[in-house]
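S.K.: sequence first, predicted coordinates after that:
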Amino acid sequence: GAGGGGPDMSRMRGQDNSPSTLLSEQENLALFGLLERKSTTLASAVCQLYLAVPGNASQWTKEYSGVVCFIKDNPRRSYFIRVYNLQEGKQLWEQELYNQFRYCTPRPYFHTFTADECQAGLNFADDYEGEKFQAVIEEKIQQRHSRQEKRHNTGHHSTPDSGKRQCVPLPPPPTGSGSHGPAAPMGATSIQNPEITSFRYRSMPTAAPAPSAPAPDKKGKKSKQNAKKKLTKADIGIPSNFQHVSHVGWDPDNGFDVNQMDPDLKKFFNQAGITEEQLTDVETSKVIHDFLDSQGGLDAVKEVIRKQDAAPAPRPPARGALPQPPPGPPPSRGRQGPLP
């Protein structure tokens, strides 16, 4: 552009690039600087990339930690999911969106798709970033489908890339607690590393956690070159203790944190007759969390409470009431993971 520092400066400023909310402005600019010329990131998020590698496809193996971007690559006239390492300043992995690309979301924080070589999973540090990433990709897939429909209707048949790209049965998402029983082999699926258990309160400074429980053999599996190295902020641009936590203070390994719970949420649960025991039970809390998620999360709860406080209504509106979750398994099950 005129008076600027050439086209690269505008790329570095990231005018059209979508930043990650977990990265600082500097880190986002560094990320945008890694993009190829005339490429734009439409969504960026801190995450871990898991692959169900051939020969071991019954379980997830962690490949990389970094920032995932959904890229519009103008020179190649295509869209890509690319993972970058900010510390080393390089691209680690990519997958192009092909004709029959399907994007699946078995969990708000864990999304899967079929890559060229195997199944791939993105484990997001933040639910909201994951949801935004999903929305942008699905919008693009939808646009592509509409265009193909039009072409199809005018007689120009594109070659179908048929069925092999569907959402196939996959290993369960990595949860780390062993709460899904033998179906989730601890070895490669656990994300419950000592360094990533206390990511819950991002604003609270935390001392580097000591390796409390031995992380089952996953440590030595994919990172031989740095077997002992922890995820550091420099690696991915966020606090080193990486764990996905939804904005209602729930995590898949320990349920809801009743001590640090938002007062409105606590009030909401009390009114719905949900007990502390149910909130901390792994299986039951997941049902509650998924329901909350489907109703609009914490914002929706606050809205309900706000309306109650404004109006003299003795009870919350019926549609805001939580269904009684099914009785959970005995508390001992699924609680093997280290407590927060």
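M.R.: Nice, thanks for sending it over.
S.K.: can you list the low-confidence ranges for the stretch 151-300 of the chain?
M.R.: 155-169, 175-247 (pLDDT under 70).
S.K.: again, 50 this time
M.R.: When residues are selected by pLDDT under 50, those of the stretch 151-300 of the chain lie in 158-165, 176-241, 243.
S.K.: ranges for the helices of the chain?
M.R.: 7-13, 25-34, 127-153, 186-189, 219-222, 233-236, 263-271, 276-280, 282-295, 297-310 (DSSP state H).
S.K.: same for the second one, what does it pack against?
M.R.: Based on contacts counted as 3 or more Cβ pairs under 8 Å, 6 or more residues apart in numbering; DSSP states H and E, the elements that helix 25-34 packs against are helix 7-13, strand 39-52. All C-beta spots, glycine's among them, are computed from the backbone N, C-alpha and C.
S.K.: which stretch in the ones you listed has the least confidence?
M.R.: By mean pLDDT, the lowest-scoring of the helices and strands packed on helix 25-34 turns out to be helix 7-13, with a mean of 48.
S.K.: just to revisit the earlier point, out of the helices of the chain, indicate the one that is most buried.
M.R.: Mean neighbours per residue, mean count of other Cβ atoms under 10 Å, is largest over the helices of the chain for helix 186-189, with a mean of 20.
S.K.: picking that back up, let me know which of the helices of the chain is the nearest to Val46.
M.R.: helix 233-236 (5.5 Å; Cβ to Cβ).
S.K.: who's in contact with Leu49?
M.R.: The neighbourhood of Leu49, defined by Cβ atoms under 8 Å, 6 or more residues apart in numbering, consists of 62-66, 68, 83, 92-93, 120-123.
S.K.: can you redo the helices of the chain as CSV with distance to Arg107?
M.R.: Formatted as CSV, the helices of the chain follow (distance: least, Cβ to Cβ, whole Å):
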stretch, distance to Arg107
helix 7-13, 34
helix 25-34, 25
helix 127-153, 9
helix 186-189, 13
helix 219-222, 21
helix 233-236, 20
helix 263-271, 20
helix 276-280, 19
helix 282-295, 9
helix 297-310, 14
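S.K.: and of the contacts of Leu49, the nearest to Asn17?
M.R.: If you rank the contacts of Leu49 by distance to Asn17 using Cβ to Cβ, Val68 comes first, at 13.7 Å.
S.K.: now for the residue lying closest to Lys267 once chain neighbours are set aside: which residues touch it?
M.R.: Setting aside the residues directly before and after it, Lys267 is nearest to Ile305 in space (Cβ to Cβ, 6 or more residues apart in numbering), at 5.9 Å. Residues near Ile305 by Cβ under 8 Å, 6+ apart: Asp264, Lys267, Phe268.
S.K.: swap the cut-off to 10 Å and go again
M.R.: Counting by Cβ atoms under 10 Å, 6 or more residues apart in numbering, Ile305 touches Asp262, Pro263, Asp264, Leu265, Lys266, Lys267, Phe268, Gln271, Pro316, Gly320.
S.K.: now do Gln95
M.R.: By Cβ under 10 Å, 6+ apart, the contact set of Gln95 is 49, 79-83, 101, 113-117, 120.
S.K.: just the pLDDT at it, thanks.
M.R.: According to the model, Gln95 scores 97 on pLDDT.
S.K.: ok, it to Pro174 distance?
M.R.: 19 Å (Cβ to Cβ, to the nearest Å).
S.K.: let me know the pLDDT of the closest residue to Thr105 other than its chain neighbours.
M.R.: Leaving out its chain neighbours, the residue that sits closest to Thr105 by Cβ to Cβ, 6+ apart is His111, at 5.0 Å. Looking at His111, its pLDDT is 97.
S.K.: do Glu63 as well
M.R.: So, for Glu63, pLDDT stands at 94.
S.K.: ok, it touching Glu117?
M.R.: No: using Cβ atoms under 10 Å, Glu63 is not in contact with Glu117, being 11.3 Å away.
S.K.: neighbour count winner among these two?
M.R.: Comparing Glu63 with Glu117 by other Cβ atoms under 10 Å, the one with more neighbours is Glu63, at 18 against 10.
S.K.: leaving out the residues flanking it, which one is nearest to the more buried one?
M.R.: Nearest to Glu63 is Leu49, by Cβ to Cβ, 6+ apart, at 4.8 Å.
S.K.: gap between the one you found and Trp93?
M.R.: 6 Å.
S.K.: overlap in contacts, these two.
M.R.: By Cβ under 10 Å, 6+ apart, the residues touching both Leu49 and Trp93 are Glu63, Tyr64, Gly66, Val68, Ile81, Val83, Ala115, Ala120.
S.K.: wait, what's in contact with the fifth one?
M.R.: Contacts for Ile81 were tallied using Cβ under 10 Å, 6+ apart; they are 43, 49, 68-71, 93-97, 101, 103, 111, 113, 115, 120, 122, 133, 137.
S.K.: switch to 7 Å and redo it
M.R.: Contacts for Ile81 were tallied using Cβ atoms under 7 Å, 6 or more residues apart in numbering; they are Val68, Phe70, Glu94, Gln95.
S.K.: so which of these is the most crowded?
M.R.: Val68 leads these on contacts (other Cβ under 10 Å) with 28 neighbours.
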